[in-house]
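Novice: quick check, what structure comes out for this input:
(chains A and B)
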Amino acid sequence: MRNRTIIISFAAIGLFGLLGWRLFYLQYCRADDYLQSSHRQQHAIVTHQPQRGFILDARGRILAASNKVQTVFVEPRGVADPKEAATKLQEILNFPGHEICGIIQESKNPGFARIMTGITPAQRDSIQNARIRGVGIQSNWQRYYPMGRLTSHITGFVGTEQSGLAGVELKYDVQLRGAEGQNVILVDARRQPIGMRPPDDIVRDGSGLILTVDATIQEFARAALAKQYEAYRAESAVAIVMDPWTGAIGAMVCLPDFDPANFGAESEQMFRNRAITDPFEPGSIFKPIVAALALDAGVIDYDEIIFCENGSYRGKGFRRIGEFGNHQFGDLSVRDILVKSSNIGMAKIGQRMGRQKLYDGLKLFGFGAQTGIDLPGEGYGLLYPPAKWTDSSVTRIPFGHEIAATALQIARAYCILTNGGRVIQPYVVRAVVDSTGNVRQLHRRGSSAGHIIKPEVANWIIRQALTGVVTEGTGTKAASEKWQIFGKTGTANIAGSVQKGYDQTNYVASFVGGAPAEKPEVVILVSIRKPDKSLGKGYSGGTVAAPVFKEILEQTLNYLHRD
Amino acid sequence: MSRARLIFIVFYLTTLLIAAAGLRISASRLFYKFNKAVVTQNRLRQTLWQKQLELQNLTNPHAVSERME
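Specialist: Below is the predicted model of the structure:
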């Protein structure tokens, strides 16, 4: 009897010991697991994707915006009878039942098969009310570009994950993207929501961008450029409209362009913003810049006469230099050298400057470096250091050979000449505005480091020389009855891609200028690459690019002065 | 304790429990209604935004000049 009591006591102690150990194991060792498990049972987490920020033009028109789009999907493994599901969906979606059935049965993913994207609110309610087993509705953000191709190279586009892949969509991706948030909802045993905890992460929608680009001016530029681009069967074309005082880009068009909402169907070549990526030898549009540097350095005078060798200039260390169109100029003033676009006159000005002065001046104008525009993929152009120059470089660079610049670098250089010699930085985003309407970033007119050339030199180049180009020189097709225009034509050779030297059949036809000369409001660059010479309609900057410039300029100034 | 008092206490506690359960159900129902209204509001806002985008599609300078040609 005593032994039995002892055995039972030990058994009881052992049993309670085991129970105690089990309690200790559950309460201490596995506490975290069970806490998590309990948390999972009592809570449901809903993740909210942020709305990507909008992109507006200078007048508040939508260039890019996101909105929710509903997609009907099926979970094939959860559908007991695909035919029945397809029949019900067919009536609601007005979509052939046999095709729905095929999608369900042929889906390689047993968990998801997309049936239709972009259903109406009525269709969504009907599907929800029908309670079809295995059928669900998914909400995703979709990016819209109401202007289509018009601003494609500026806005860029987003990928499937709604992240920017080009243009300001890429450059300002961090600001546009926003941050996702989570709501933790308390649920009962049947997973029905019964309350909400204060959210850990509140969804933060992306900030919006307000651009300097005006869609109306962009349309003027695109329409005029596209007309000539097609008429001359050109390889590509670029137009830039800039405010010379601030560097704000009013329009930037590159052809060919693409539809940002359907970029997958386009060639990658179309995505390149040629205005900022592609360097080219600028040709004669480069002459006013070098002339301004020479006048500023004092190596030539405004009224100096330079002998232009009657159309053929030979010298030690460089190959023969001729004039475009085989002109034979004799004595020309500096103004006439620009008005008549004399290569020989410019070569002699370059020789007077010498390597170092010429190089230093061009660096001040920003050649061989990025302008710093807030768009991705900007090129540097090509300006070799003087040590790499040949003997002919000082004679060639002054008329735009042996140097490569992007269209934007040239446009900026003309802005500097136009505003009296002040350096400006081009930009396309005027302001970043958060989802509550507060301005987070505002582009203010940058404080200039000073003038890189004397204002009187810049004013003389614009008002005396470049107005003459339009009234009596190579750019008469850009002349306007209403506005006093200044500008410069350029017909540049293209370096051969295979053989040494220049391609003799293809050119880049350009015109850069602005108006009104007394107080310039815009600077416009038009550059058309490889207009088809065989059409017999001409290929020079004065013939191909100047009329486009005139059309854009007149429409833009009339628009800006419409009040 | 008298029998009547016992009945009163049991009755009182039962009523209290039923009232608590009722309040809890009402709270859940209101929470559901509130969330449903939030979802509806978001949908209406998205529909409005969609209409605005469609309007921009029709009235932007590019679309207007295309129609004028």
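Novice: what residues does stretch A:148-155 touch?
Specialist: A:55, A:57, A:63-64, A:145, A:147, A:167-169, A:211, A:213, A:215, A:218-219, A:222, A:249, A:252-254, A:257-261, A:271, A:273, A:275, A:375, A:428, B:60-62 (Cβ atoms under 8 Å, 6 or more residues apart in numbering or on different chains). In this view, the C-beta of every residue, glycine as well, is placed from N, C-alpha and C.
Novice: what's the end-to-end length of that stretch?
Specialist: Terminal residues of stretch A:148-155 are spaced 10 Å apart (Cα to Cα, to the nearest Å).
Novice: and A:Phe280, what does it touch?
Specialist: A:404-407, A:492, A:494, A:508, A:527, A:529.
Novice: which parts of the helix or strand of chain A with the lowest mean pLDDT are buried?
Specialist: Every helix and strand in chain A was compared by mean pLDDT, DSSP states H and E; the lowest is strand A:193-196, with a mean of 74. The neighbour-count check on strand A:193-196 (16 or more other Cβ atoms under 10 Å in any protein chain shown) flags A:193-194, A:196 as buried.
Novice: near chain B at all, it?
Specialist: Yes - Strand A:193-196 is in contact with chain B by Cβ under 8 Å from any Cβ of the partner chain, via A:193-196.
Novice: how about JSON lines for those, with distance to A:Thr151 added?
Specialist: Shown next, in JSON lines, are the residues of strand A:193-196 next to chain B (distance: Cβ to Cβ, whole Å):
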{"residue": "A:Pro193", "distance to A:Thr151": "43"}
{"residue": "A:Ile194", "distance to A:Thr151": "49"}
{"residue": "A:Gly195", "distance to A:Thr151": "47"}
{"residue": "A:Met196", "distance to A:Thr151": "41"}
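Novice: and which of those is nearest chain B?
Specialist: Each of the residues of strand A:193-196 next to chain B was checked against chain B using Cβ to the nearest Cβ; the closest is A:Ile194, at 4.4 Å.
Novice: element containing the residue lying closest to that closest one once chain neighbours are set aside?
Specialist: Nearest residue to A:Ile194 in three dimensions, chain neighbours excluded: B:Ser28, at 4.4 Å (Cβ to Cβ, 6 or more residues apart in numbering or on different chains). Per DSSP states H and E, B:Ser28 falls inside helix B:3-59.
Novice: and the end-to-end length of stretch A:94-110?
Specialist: Start-to-end, stretch A:94-110 (Cα to Cα) is 24 Å.
Novice: tell me the average confidence for that stretch?
Specialist: With pLDDT averaged residue by residue, stretch A:94-110 scores 88.
Novice: so what pLDDT did A:Ser448 get?
Specialist: 58.
Novice: and if you look at A:Thr505?
Specialist: 81.
Novice: can you tell me how far the nearest residue to it once chain neighbours are set aside is from A:Ala404?
Specialist: Using Cβ to Cβ, 6+ apart and skipping the chain neighbours, the partner closest in space to A:Thr505 is A:Lys533 (6.0 Å). A:Lys533 sits 22 Å away from A:Ala404, going by Cβ to Cβ, to the nearest Å.
Novice: quick one, which of these two is more surrounded?
Specialist: Neighbours were tallied for A:Lys533 and for A:Ala404 using other Cβ atoms under 10 Å in any protein chain shown; the higher tally belongs to A:Ala404 (20 against 14).
Novice: for chain B, see how far away that one is.
Specialist: 32 Å (Cβ to the nearest Cβ, to the nearest Å).
Novice: in this structure that residue contacts A:Gly283, no?
Specialist: No - using Cβ atoms under 8 Å as the test, A:Ala404 is too far from A:Gly283 to be in contact (11.1 Å).
Novice: which ones among the contacts of stretch A:148-155 lie within helices?
Specialist: A:167-169, A:215, A:218-219, A:222, A:275, B:61-62 (DSSP state H).
Novice: can you report how many residues neighbour A:Tyr414?
Specialist: 29.
Novice: circling back: which one of the contacts of A:Phe280 is nearest A:Asp360?
Specialist: When the contacts of A:Phe280 are compared for distance to A:Asp360 (Cβ to Cβ), A:Ala405 comes out closest, at 16.5 Å.
Novice: what pLDDT is listed against the nearest residue to that closest one once chain neighbours are set aside?
Specialist: In this structure, A:Ala405 finds its nearest non-sequential neighbour in A:Gly381, 4.3 Å apart by Cβ to Cβ, 6+ apart. pLDDT recorded at A:Gly381 is 95.
Novice: what do you get for the one 4 residues further on?
Specialist: pLDDT recorded at A:Pro385 is 94.
Novice: still on that earlier bit, so what does the helix holding B:Ser28 touch, helix or strand wise?
Specialist: Helix B:3-59 sits against strand A:62-74, strand A:193-196, with contacts defined as 3 or more Cβ pairs under 8 Å, 6 or more residues apart in numbering or on different chains; DSSP states H and E.
Novice: which other residues reach the shortest one?
Specialist: By that I understand strand A:193-196. Contacts for strand A:193-196 (Cβ under 8 Å, 6+ apart): A:44, A:183-188, B:24, B:27-28, B:31-32, B:35.
Novice: hang on, the earlier thing: out of the contacts of A:Phe280, which is most surrounded?
Specialist: In terms of neighbours by other Cβ under 10 Å, the contacts of A:Phe280 top out with A:Ser527 at 33 neighbours.
Novice: in contact with that residue, which residues?
Specialist: A:237-239, A:280, A:407, A:410, A:508-510, A:545.
Novice: neighbours around the residue nearest to A:Ile194, how many?
Specialist: B:Ser28 has 16 nearby residues by other Cβ under 10 Å.
Novice: got it, and A:Leu170?
Specialist: 18.
Novice: wait, it touches A:Arg177, no?
Specialist: No - counting by Cβ under 8 Å, A:Leu170 does not reach A:Arg177; the two are 11.1 Å apart.
Novice: residues that sit against both of the two, list them.
Specialist: Joint contacts of A:Leu170 and A:Arg177 (Cβ under 8 Å, 6+ apart) are A:Gly164.
Novice: pretty sure A:Ile240 is in a strand, no?
Specialist: Yes - A:Ile240 forms part of a strand when assessed by DSSP: H, G, I helix; E, B strand; the rest coil.
Novice: before we move on, back to that, strands - which of the contacts of A:Ser527 land there?
Specialist: The strands, defined by DSSP state E, take in A:237-239, A:508-510 from the contacts of A:Ser527.
Novice: farthest-separated two in those?
Specialist: Across the ones in strands among the contacts of A:Ser527 (Cβ to Cβ), the longest gap, 13.5 Å, separates A:Ala239 and A:Val508.
Novice: any regions of chain A where pLDDT drops low?
Specialist: A:1, A:199-200, A:445-449, A:496-499, A:563 (pLDDT under 70).
Novice: up against chain B, what does it have?
Specialist: Going by Cβ under 8 Å from any Cβ, the residues of chain A near chain B are A:61-62, A:65, A:67-68, A:121, A:144, A:146-150, A:188, A:192-196, A:215-216, A:218-219, A:222-223.
Novice: among those residues, name the buried ones.
Specialist: A:61-62, A:65, A:67-68, A:144, A:146-150, A:193-194, A:196, A:215-216, A:218-219, A:222-223.
Novice: which residue sits closest to A:Pro50, ignoring its sequence neighbours?
Specialist: A:Gly178 (3.1 Å).
Novice: hmm, back to that, which one of the contacts of A:Phe280 is nearest A:Asp296?
Specialist: Of all the contacts of A:Phe280, A:Asp296 sits closest to A:Ala405, with 19.3 Å by Cβ to Cβ.
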